[in-house]
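In: can't give you the sequence, but here's the structure:
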């Protein structure tokens, strides 16, 4: 379970004053749920992900990941909490100077330092799951966009973390590759029973794999419900965004 309660955050503006980027957000993601977070650009989605991993701190509110209260944790405690969270960044964040093998092995080696045979076995298992067996010695520069996403998924899940966060996992991909990535993430979630929070602008494909959906708008969570409830929601902003309507309040 991931529980966010009364979360607020504002930042200084260049011209003076402060701008709210999160406004009293309260959200519960049940254990074993694949949750999709949608909304227009600059609505606070990626900021919320960063706060769950304590890469950013809120001004007010609490975040609970499993039994751990992230917002009350010390830096030492956060090191342990982050071991239980896998993360796929929007730009993949692969290390250009490392091979595919070493990119995927990086969190294992840094967080747990297991024997190298175990590292090799785990990386091989992850590459097989994302259909990239034999790519161990490739460099990121030699991969397609979809292959880089798959390597990012393998790295995000190699530690078998019970919580996984995906930020725009299909950004920049063609529709067919995008659907393959979403199908892969759904299969990974079902196999591991992880609690997954996924931010994506690709609604057509995102909504084929989610259990529940939340919509952010100008820093507020304006909808939280099942995927079917999102599709049938009559709230004007939600309806316009989910169905891609050109006329409406957005």
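Out: Cool, got the structure. Here the structure is a predicted model, which means the values were calculated and not measured.
In: now for the longest helix seen in the chain, which elements pack on it?
Out: Identified as the longest helix of the chain according to DSSP state H is helix 175-192. For helix 175-192, the contact count by 3 or more Cβ pairs under 8 Å, 6 or more residues apart in numbering; DSSP states H and E identifies strand 34-38, helix 145-157, strand 163-167, strand 195-199, helix 203-206 as packing neighbours. In short, each C-beta sits where N, CA and C put it, glycine included.
In: Could you rerun that using 6 Å?
Out: Using 3 or more Cβ pairs under 6 Å, 6 or more residues apart in numbering; DSSP states H and E as the contact definition, the elements that helix 175-192 packs against are helix 145-157, helix 203-206.
In: If you count neighbours, what's buried in the last one?
Out: Right, helix 203-206. With burial defined by 16 or more other Cβ atoms under 10 Å, the residues of helix 203-206 counted as buried are 203, 205, 206.
In: From the chain's centroid, how far away is the host helix or strand of residue 106?
Out: Using DSSP states H and E, the secondary-structure element containing residue 106 is helix 100-111. Taking the mean C-alpha point of helix 100-111 and that of its whole chain, the gap between them comes to 19 Å (Cα atoms, centre = their mean, to the nearest Å).
In: try stretch 37-53
Out: Offset of stretch 37-53 from its chain centre (Cα atoms, centre = their mean): 9 Å.
In: can you give me the end-to-end distance of that stretch?
Out: Using Cα to Cα, to the nearest Å, one end of stretch 37-53 lies 16 Å from the other.
In: Any chance you could list what contacts it?
Out: Counting by Cβ atoms under 6 Å, 6 or more residues apart in numbering, the neighbours of stretch 37-53 from elsewhere in the structure are 21-22, 56, 58, 63, 85, 165, 167, 199, 214-217, 219.
In: helices or strands next to the helix holding residue 106 in the packing?
Out: When contacts are defined as 3+ Cβ pairs under 6 Å, 6+ apart, helix 100-111 packs onto helix 116-129, helix 145-157.
In: least reliable of those going by mean pLDDT?
Out: Summarising mean pLDDT across the helices and strands packed on helix 100-111, the least confident stretch is helix 145-157, with a mean of 90.
In: Many thanks, I have nothing further to ask.
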